[in-house]
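Asker: Show me how the following folds:
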Amino acid sequence: MLTVSMTLSIVLLMIRMKLNQSFFYLFLVWNLFLAIIPYAITTYLSTREKHSKVSFLVIFCAWLLFLPNAPYIITDLLHLRLSNQYLMWLDVILVTSFTYNGLVLFFLSLSDMEVILKSFINDKKGFYIITIIVFLTGFGIYLGRFLRYNSWELLHKPTAIFKDTFDIIFYPGLHLQAWIFTLSFGTF
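Answerer: Predicted coordinates for the structure are as follows:
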């Protein structure tokens, strides 16, 4: 069903591109691809019998790095303000369909990771870790939408990302939007 839903989103995008003669929302395909990565990682982990703690930790960090990309698509609703009034209905359906797929991928991946974590830790610790991950995801979305960082930039711009992150953590009064967004999105 997820494959059918993602295919429908892409078909809607092609219809929109034909009707509007515009490639504007083509970035949604890239965002959907990025949303698939954490799900692919947990699917891979779920199919393996044994995980060494070190290899699991490395894969877990990669998963955590890409996880915010899945629900990030919700923030693409902001682009609706640029829509043509005549076909705004199509843009709403289009962006919402990509958003839906991103959220489904997020929750499936998160659920899979919760099960995988249970092979390493007890249920109570797993619950706390998943809760923290949800709020870290909200913060990751903030970094992507407002500070315009991408997941892979942690590898080639780590200093800038860590500086901005530490500023937000240690000077919360100066970064109220970051805290409100992170807490709101994590709660959502």
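Asker: Would you state the helices of this protein in chain order?
Answerer: In the chain, helices defined by DSSP state H lie at 2-20, 27-47, 53-66, 69-72, 88-117, 123-145, 153-156, 158-170, 176-187, listed in chain order.
Asker: Can you name every helix or strand that the third one contacts?
Answerer: Right, the one you point to is helix 53-66. helix 27-47, helix 88-117 (3 or more Cβ pairs under 8 Å, 6 or more residues apart in numbering; DSSP states H and E). Using the backbone N, CA and C atoms, a C-beta is placed for each residue, glycine as well.
Asker: Stretch 12-22 - what's its average pLDDT?
Answerer: Regarding stretch 12-22, the rounded mean pLDDT is 94.
Asker: wait, which of the helices and strands packed on helix 53-66 is closest to His79?
Answerer: His79 lies closest, by Cβ to Cβ, to one member of the helices and strands packed on helix 53-66: helix 88-117, at 6.8 Å.
Asker: Could you list every helix and strand in contact with the closest one?
Answerer: Judged by 3+ Cβ pairs under 8 Å, 6+ apart, helix 88-117 is in contact with helix 2-20, helix 27-47, helix 53-66, helix 69-72, helix 123-145.
Asker: just how off-centre is it within its chain?
Answerer: Computed by Cα atoms, centre = their mean, to the nearest Å, the chain-centroid distance of helix 88-117 equals 8 Å.
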